[in-house]
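Visitor: Sharing a model prediction with you, sequence too.
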Amino acid sequence: MRKFVEGPVDRLQCDIHRYSKGMSRVRWPSLGGKEHDIWFTCTLRHTAGLFNITTFLRVTPATAMSAHQPDFLSWLTIGVKEKISASAVMVLMTRSPSVRVGLQKETTLHCQFAVDHKVPHLTVEWHLQQHGWHRTKLFSYSSSTRQTEGSGVAVKGIAGGDASLTVPYTEVSSEGTYVCSVRVPPLNGSVDIALHVIERPRVSLTTEEEQIPRVVCNAEVFYPLDVEIHLFKETSSGQLPEKLEDVTHCSHHKHHDGTYSVTASVRLRPSPQDSGCAMYSCRVSHVSLRGLYIHKSIIGPGCWTWIHLTLPGLVCLIGVIFMFIVLTRRSCCYGNKTVTRR
């Protein structure tokens, strides 16, 4: 297990559970395997989400269990301070237990396994679980029959323990829990990978010149649904931006690809306290921004900024310089002419 572990060991969470084969009497194929072996699973999870590792541990008890009852009815009793020796025979892991990806992207879900004997008879499967218990088979491969169903996994890599799945084009419908299963009789292990589709909003801020002007902030084609929009007003008095309360939020619009758009607007009604021009800003927060936000600003309608004031003057200045150059060249040309008297 150590060769699969990365990062500081103080970030690991370890769980050990008994594992039941039920009524199966299949012997583990490696050296020392017995039909009455008792099994455990040891799962290591990195608390920062770097990996999940599940290892199957084999213990051979001194006495054999009955062949006519499930193995869990004759499990080995372990004392409080008692130690037992176990052999790690199969490891199943993922380095992508949780994946965040945007729309129309290609992403690879990592799944790797290792077995303690060569050329095991194994079956690899991938399923997508959505909306409760609804499961869709995406891929399957059997080493005994060499048959393959589905796509996304490089069959050549399975022999080396790589069962990673490639999702070529992500959509909203790609979201869910992907389950990588590896079966080597009598063991059946799996790892879950949560795929989250995250698309950041496209934000625009405009003014609409109506009888009562308004500022409109649009957040478009984002996913998932929840988004927060706040509008602010800042005057030339140097005070902190004022959060506007009288904001109208339109209902979310759902697009055909599953993304959403929403609009927030505020009507500009001047008050006696207003002096000079105002700047309006829109602040949009969404899960795709990881605690940050998108900020857009715009000058209020009817305001003259330094751009408006200097742009005409700049145009006039360029015209004057151009005319000065033209007249200077003309005067030079006339001054250099040779006058011939008859």
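Guide: Perfect, thanks for sending it. Since the model is a prediction, treat every value here as computed from it, not as a measurement.
Visitor: My understanding was that residue 40 contacts residue 16; is that so?
Guide: Yes. Here residue 40 reaches residue 16: they are 5.9 Å apart, a contact under C-beta atoms under 8 Å. Using the backbone N, CA and C atoms, a C-beta is placed for each residue, glycine as well.
Visitor: Please say which of these two ends up with more neighbours.
Guide: Ranked by neighbour count (other C-beta atoms under 10 Å), residue 40 and residue 16 place residue 40 first, with 18 against 11.
Visitor: Can you show me the strands along the stretch 151-300 of the chain?
Guide: Under the criterion DSSP state E, counting those that start in this stretch, the stretch 151-300 of the chain contains strands at 165-167, 176-184, 187-197, 202-208, 214-222, 227-235, 242-243, 248-249, 253-254, 260-267, 278-286, 293-299.
Visitor: helices or strands up against the last one?
Guide: If you count contacts as 3 or more C-beta pairs under 8 Å, 6 or more residues apart in numbering; DSSP states H and E, strand 293-299 packs onto strand 202-208, strand 278-286.
Visitor: Quick check: which of these is nearest to residue 161?
Guide: Relative to residue 161, the nearest member of the helices and strands packed on strand 293-299 by C-beta to C-beta is strand 278-286, separated by 38.4 Å.
Visitor: Give me the distance between residue 123 and residue 292.
Guide: Using C-beta to C-beta, to the nearest Å, residue 123 is found at 44 Å from residue 292.
Visitor: more crowded one of the two?
Guide: For residue 123 versus residue 292, neighbours defined as other C-beta under 10 Å are more numerous around residue 123 (16 against 10).
Visitor: Tell me the backbone dihedrals of the more buried one, please.
Guide: phi -130, psi 130 (degrees, to the nearest 10).
Visitor: related to what we said a few turns ago, for the strands of the stretch 151-300 of the chain, which one sits closest to residue 157?
Guide: Residue 157 lies closest to strand 165-167 among the strands of the stretch 151-300 of the chain, at 10.9 Å (C-beta to C-beta).
Visitor: List the contacts of the residue nearest to residue 258 when sequence neighbours are not counted.
Guide: Sequence neighbours aside, residue 172 is the residue nearest to residue 258 in space, at 3.1 Å (criterion: C-beta to C-beta, 6 or more residues apart in numbering). Contact analysis of residue 172 by C-beta atoms under 8 Å, 6 or more residues apart in numbering lists 103, 197, 223, 257, 258, 259.
Visitor: right, and the strands of the stretch 151-300 of the chain - which one's nearest residue 47?
Guide: strand 187-197 (15.5 Å).
Visitor: Extract the C-alpha trace of that closest one and format it as PDB.
Guide: C-alpha atoms of strand 187-197 as PDB (Å, rounded to 0.1, in the frame of the first residue of the first chain):
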ATOM      1  CA  LEU A 187     -13.100 -10.700  -4.400                       C
ATOM      2  CA  ASN A 188     -15.100  -7.800  -5.800                       C
ATOM      3  CA  GLY A 189     -13.800  -4.300  -5.200                       C
ATOM      4  CA  SER A 190     -14.900  -0.900  -6.300                       C
ATOM      5  CA  VAL A 191     -14.100   2.800  -6.000                       C
ATOM      6  CA  ASP A 192     -16.500   5.700  -6.400                       C
ATOM      7  CA  ILE A 193     -15.600   8.900  -8.300                       C
ATOM      8  CA  ALA A 194     -17.900  12.000  -8.000                       C
ATOM      9  CA  LEU A 195     -18.000  14.000 -11.200                       C
ATOM     10  CA  HIS A 196     -19.300  17.600 -10.800                       C
ATOM     11  CA  VAL A 197     -20.000  19.700 -13.800                       C
END
